[in-house]
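Visitor: Just a sequence and a predicted model for now, questions to come.
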Amino acid sequence: MKPLWIQHAAQLATISGNNAPRKREEMSELGIIEDGSVWIEDGVIQAIGTTEELIKQFGDRAEEADIVDATGRLVTPGLVDPHTHVVYGGSREREFEMRLEGATYMDIMNAGGGIHATSRMTREATEDELVEQTSRRLDSFLKHGVTTVEAKSGYGLNWETELKQLRAAKRLNETHPIDLVSTFMGAHAVPLDYKGKEDEYIDSIINDMLPVVAEEKLAVFNDVFCEVGVFTPEQSERILEAGKKLGLTPKIHADEIESYGGAELAAKVGAISAEHLLKASDEGIKAMAEAGVIACLLPATALYLREDAAQGRKMVDEGVAVAISTDCNPGSSPTTSMPLVMNLACISMRLTPAEALVAATMNAACAIGMERKAGSLEVGKQGDVVMWDVKNYQELQYLFGVNHVDKVWKKGEIVVG
Ligand code: NIG
Ligand code: FE
């Protein structure tokens, strides 16, 4: 493979610094290089600087390389989506209409729809069908500048199907250009046949599922939907602690629909991240800041459910490292557009354009343990790069609802454009 040499970027937003979650004013540091240039070889970034600097270093090898002129363009790291439910069967457009007619998200779920509906369709799909349906969604992620994606199980709600989802994700990680990081989420809902016997289902997660997930290295993280009517904070804690003993790092869907102590629990169990947090309490936000839990905020989900977004501004100001994500799933956020999520982070959560970019790159990478490979443009990292058809990072957030992706490279190879 030829080396890739990008030259003359109007702005090269490197997001360089230490590979750790960015907080407060660090969230505004983009490490911008004007007239920027990057040299990628063997899939890895070998040098980065001004075009002039790189000409000194690589000028005599110019003929070997694929040269890309980024004049007038913004260049950033590939975006990272740290929270998705992208591996699923079927779709739920009828529920979208039902919600517009007045039904709530939880009404639909409690009547056997919602997550249960997708669970039925995912159980019916073969592993090959899941791979094929998910692969098309991953193509769409790439077209939106996303090169690394977290993927949760949780539409099986029985062992056979949870395993099928995790195996599909593993295959996609090997075959699709996108890097997929897996999370086990057997505790996404109480299966309909376990209604009233929730603790029996939890026992089966702890005794039957988690040990195999850990043993076969099918996931890195263990997630729970801690919500009124789903899993209580006590039940969630049991599941997350059991995973921890097996080496699975906790994540938690917290305080999405009601304030339920989810943010506090995330701090208590030492979760790497807590997600949603629309109704997180002030104490919960403080506890997360103190414990170093990353807030993974999903403003497209809030919009889609017609709810107020999480208090992103307040969280940044209180010292919580904020990441953002699509939550890509068939019910509450059927989108693959991280650029839209960045726009919404500004519009509905009052993050600044720079903070939104850090939340979608370095902080997102940290939320899924990918910060040594992705999240910034630095020597030694993967050559995951996006060239945008805008001249600066402010314009990327300002011209909203439009896909400005011009070209995308994954590990130095062109995958879009
Ligand atoms: O993150 N909140 C729970 N789970 C998903 C939605 C899943 C679905 O509706 O299929 C979420 O929003
Ligand atoms: Fe989710």
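Guide: Done, it's in. Predicted, not measured: the structure shown is a model, and the values here were computed from it. Ligands and ions are numbered 1, 2, ... in the order given.
Visitor: Please tell me how far Asp389 sits from ligand 1.
Guide: From Asp389 across to ligand 1, the span is 31 Å (C-beta to the nearest ligand atom, to the nearest Å). For every residue, glycine as well, the C-beta is placed using N, CA and C.
Visitor: what about the closest residue to that residue other than its chain neighbours, which SS state?
Guide: Closest residue in space to Asp389, ignoring its immediate chain neighbours: Asp406 at 4.5 Å, by C-beta to C-beta, 6 or more residues apart in numbering. Classification of Asp406 using DSSP: H, G, I helix; E, B strand; the rest coil returns strand.
Visitor: now swap in Gly243 and tell me
Guide: helix.
Visitor: give me the beta-bridge partners of the closest residue to Ile414 other than its chain neighbours?
Guide: Of all residues not flanking Ile414 in the chain, Lys407 sits nearest, at 6.5 Å (C-beta to C-beta, 6+ apart). Judged by DSSP bridges, the bridge partners of Lys407 are Met387.
Visitor: ok, now which ones touch Lys407?
Guide: The neighbourhood of Lys407, defined by C-beta atoms under 8 Å, 6 or more residues apart in numbering, consists of Val68, Val386, Met387, Ile414, Val416, Gly417.
Visitor: In contact with the closest residue to Gly114 other than its chain neighbours, which residues?
Guide: Once flanking residues are discounted, Gly114 sits nearest to Ile108: 4.7 Å by C-beta to C-beta, 6+ apart. Shown in contact with Ile108 (C-beta under 8 Å, 6+ apart): Glu95, Met98, Arg99, Gly114.
Visitor: helix or strand right after the helix or strand that the second one is a member of?
Guide: Think Met98. For Met98, the element it lies in under DSSP states H and E is helix 93-100. Next in sequence after helix 93-100, counting helices and strands by DSSP H and E, comes helix 105-110.
Visitor: Output that following helix as PDB - backbone C-alpha positions only.
Guide: Below are the C-alpha coordinates for helix 105-110, written out as PDB (Å, rounded to 0.1, in the frame of the first residue of the first chain):
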ATOM      1  CA  TYR A 105     -41.500   5.000  24.800                       C
ATOM      2  CA  MET A 106     -42.200   3.100  28.000                       C
ATOM      3  CA  ASP A 107     -45.900   2.500  27.200                       C
ATOM      4  CA  ILE A 108     -44.800   0.800  24.000                       C
ATOM      5  CA  MET A 109     -42.100  -1.300  25.700                       C
ATOM      6  CA  ASN A 110     -44.500  -2.300  28.500                       C
END
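Visitor: Is there proximity between it and ligand 1?
Guide: No. If you take C-beta under 6 Å from any ligand atom as the test, helix 105-110 misses ligand 1, and the best it gets is 7.1 Å.
Visitor: Report the mean per-residue pLDDT for that helix.
Guide: Across helix 105-110, pLDDT averages out at 94.
Visitor: which residues make contact with the following helix or strand past it from outside it?
Guide: Where DSSP H and E defines the elements, the next helix or strand beyond helix 105-110 is helix 115-124. Helix 115-124 is contacted by residues 87-90, 92, 95, 109, 130, 154-158, 160-161, 164-165, 188-189, 191-192, 329-331 when judged by C-beta under 8 Å, 6+ apart.
Visitor: Make a PyMOL selection of the buried ones in those residues.
Guide: Typed into PyMOL, the line below selects the buried ones among the contacts of helix 115-124, using 16 or more other C-beta atoms under 10 Å:
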select buried, resi 87+88+89+90+92+95+109+130+154+155+156+157+158+161+164+165+188+189+191+329+330+331
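Visitor: Show only the entries of the contacts of helix 115-124 found in helices.
Guide: If you go by DSSP state H, those have Glu95, Met109, Leu130, Glu160, Thr161, Lys164, Gln165 in helices.
Visitor: check contacts around whatever residue of the stretch 251-400 of the chain ends up closest to ligand 1.
Guide: Of the residues in the stretch 251-400 of the chain, the one nearest ligand 1 is Gly331, at a distance of 2.4 Å by C-beta to the nearest ligand atom. Contact analysis of Gly331 by C-beta under 8 Å, 6+ apart lists Arg92, Glu95, Tyr105, Gly114, Ile115, Thr118.
Visitor: Could you say which helix or strand holds Ala267?
Guide: In the assignment (DSSP H and E), Ala267 maps to helix 262-269.
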